[in-house]
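Colleague: coordinates for the following, if possible.
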Amino acid sequence: MLPSDKIFIAGHRGMVGSACVRRFQAAGYSNLLLRSRAQLDLRNKSAVDDFFAAEKPDYVILAAARVGGILANNTYPAEFLTENLEIQNNVIWAAYRSGVKKLCFLGSSCIYPREAPQPIREDYLLTGPLEPTNEGYAIAKIAGLKLCAYLRRQYSFPAFSLMPCNLYGTNDNYHPEHSHVFPALIRKFCTAADLHLPEATLWGTGNPWREFMHVDDLANAVFYFISQTELPPELINTGAGTEVTIRTLAETIAQEANFHGSIRWDTTKPDGMFRKLLDSSLAKSLGWTPKISLSDGIRQTIREFRAL
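Modeller: Below you'll find the predicted structure:
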């Protein structure tokens with residue numbers, strides 16, 4: 001991969017896409033193709049086809065997606081399924097037809113079965129039922145990685161998929177209803193601390209275990225694997241390798257945010273999967289490892305949120 005190559009980062013304004021932009025720019029890649037939704041609606045097939053015909057990107061990073069937390073996924077499964085299928089199908093097929101040198105599809109650990117053995121290996125895909133609360137999104141992501149795999153097997157299309165664990169960090173979505181658990185906790189405790197509230201109420205029991213990785217580590221993985229001379233395996237887990245309970249995460253964020261009130265757990269709300277830890281030994285064997293510790297990431301994210 002050359003600094004002069006055209007690199008289309010789909011979804012460049014989102015958390016993952018913007019991290020990829022920062023990583024590639026830091027490495028001296030200035031020929032980045034970036035389009036907002038207003039400039040290019042990836043759900044519109046003819047618009048995507050026209051874009052690829054005109055720009056002829058050399059590399060594609062597909063980070064665009066409709067994303068959200070448990071509430072959003074549970075409330076709008078039809079939209080999460082349909083919009084992500086449209087985005088993926090349009091971009092992947094256009095990339096294949098235009099002959100790109102490599103495509104990196106970004107998925108999610110929610111593609112794996114709810115009761116998958118832990119840690120979760122890549123070959124556990126489609127071995128059991130999915131977590132119901134984000135099934136629509138997960139089905140779309142499975143379809144995307146399978147389309148990449150099928151085009152690769154049938155037509156030697158140089159595509160591969162990275163499956164990250166739960167991500168957080170710069171440019172996360174802090175919407176009070178539609179965010180993931182990490183940014184929701186950051187917002188909750190920073191706001192509660194600033195307002196000197198006596199109590200903060202959180203969803204669920206706090207007992208589930210989760211694996212969190214800073215988005216800059218995923219951007220490093222994207223850069224590392226797409227710039228390799230050899231085509232990476234079809235599917236690679238990219239996780240932090242450590243896990244924490246939601247309760248411990250909440251207490252840690254509360255402490256770092258200087259919240260001194262009590263935490264109440266609303267156990268009438270769903271927990272989601274009890275445990276979700278990726279086996280990232282394949283990625284590690286290929287030369288990639290994450291660098292940012294959870295404690296450092298929490299402090300950085302709180303600073304960034306309070307600067308918004």
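Colleague: where in the chain is the helix or strand with the lowest mean pLDDT?
Modeller: helix 70-75 (a mean of 82; mean pLDDT, DSSP states H and E).
Colleague: what comes up buried for that one?
Modeller: Buried residues in helix 70-75, defined by neighbour count with 16 or more other Cβ atoms under 10 Å: 70-74. Every C-beta, even on glycine, is put in place using the N, C-alpha and C of the backbone.
Colleague: again, but for stretch 121-138
Modeller: Buried-residue list, stretch 121-138, by 16+ other Cβ under 10 Å: 121-122, 124-125, 130-131, 133-138.
Colleague: most widely separated two among those?
Modeller: Farthest pair in these (Cβ to Cβ) is 121 and 136. Separation: 24.2 Å.
Colleague: ok, which stretches of the stretch 201-308 of the chain are strands?
Modeller: 209-210, 212-214, 235-238, 244-245, 262-266, 275-276 (DSSP state E, counting those that start in this stretch).
Colleague: need the ones you listed in TSV (columns: mean pLDDT and distance to residue 2).
Modeller: As requested, the strands of the stretch 201-308 of the chain are arranged in TSV below (pLDDT from 0 to 100; distance: least, Cβ to Cβ, whole Å):
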stretch	mean pLDDT	distance to residue 2
strand 209-210	94	38
strand 212-214	98	28
strand 235-238	98	23
strand 244-245	97	40
strand 262-266	97	51
strand 275-276	88	38
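Colleague: following the chain onward from the least confident helix or strand of the chain, which element is next?
Modeller: As assigned by DSSP states H and E, the chain's next helix or strand after helix 70-75 is helix 77-98.
Colleague: which residues are in contact with that following helix?
Modeller: 10, 42-45, 48-49, 51-53, 56-57, 60, 62, 64-66, 68, 72-73, 103, 105, 134-137, 139-141, 143-144, 147-148, 151, 155, 157, 159 (Cβ atoms under 8 Å, 6 or more residues apart in numbering).
Colleague: show me those residues that map onto strands.
Modeller: 10, 60, 62, 103, 105, 159 (DSSP state E).
Colleague: okay, now residue 28: neighbour count?
Modeller: Other residues within reach of residue 28, judged by other Cβ atoms under 10 Å, total 7.
Colleague: apart from its neighbours in sequence, what residue is nearest it?
Modeller: Counting by Cβ to Cβ, 6 or more residues apart in numbering, residue 28 lies nearest to residue 3, which is 4.9 Å off, once chain neighbours are set aside.
Colleague: that older thread, weed out the non-buried ones from the contacts of helix 77-98.
Modeller: Buried among the contacts of helix 77-98 (16+ other Cβ under 10 Å): 10, 42-43, 48, 51-52, 57, 60, 62, 64-66, 68, 72-73, 103, 105, 134-137, 139-141, 143-144, 147-148, 151, 157, 159.
Colleague: among these, which are in helices?
Modeller: 48, 51-52, 72-73, 135-137, 139-141, 143-144, 147-148, 151 (DSSP state H).
Colleague: want to throw the buried residues of stretch 121-138 into a markdown table with distance to residue 189 and pLDDT?
Modeller: Below are the buried residues of stretch 121-138 laid out as a markdown table (distance: Cβ to Cβ, whole Å; pLDDT from 0 to 100):
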| residue | distance to residue 189 | pLDDT |
| --- | --- | --- |
| 121 | 34 | 98 |
| 122 | 35 | 98 |
| 124 | 34 | 98 |
| 125 | 35 | 98 |
| 130 | 30 | 95 |
| 131 | 26 | 89 |
| 133 | 23 | 87 |
| 134 | 24 | 88 |
| 135 | 30 | 94 |
| 136 | 30 | 95 |
| 137 | 26 | 95 |
| 138 | 29 | 95 |
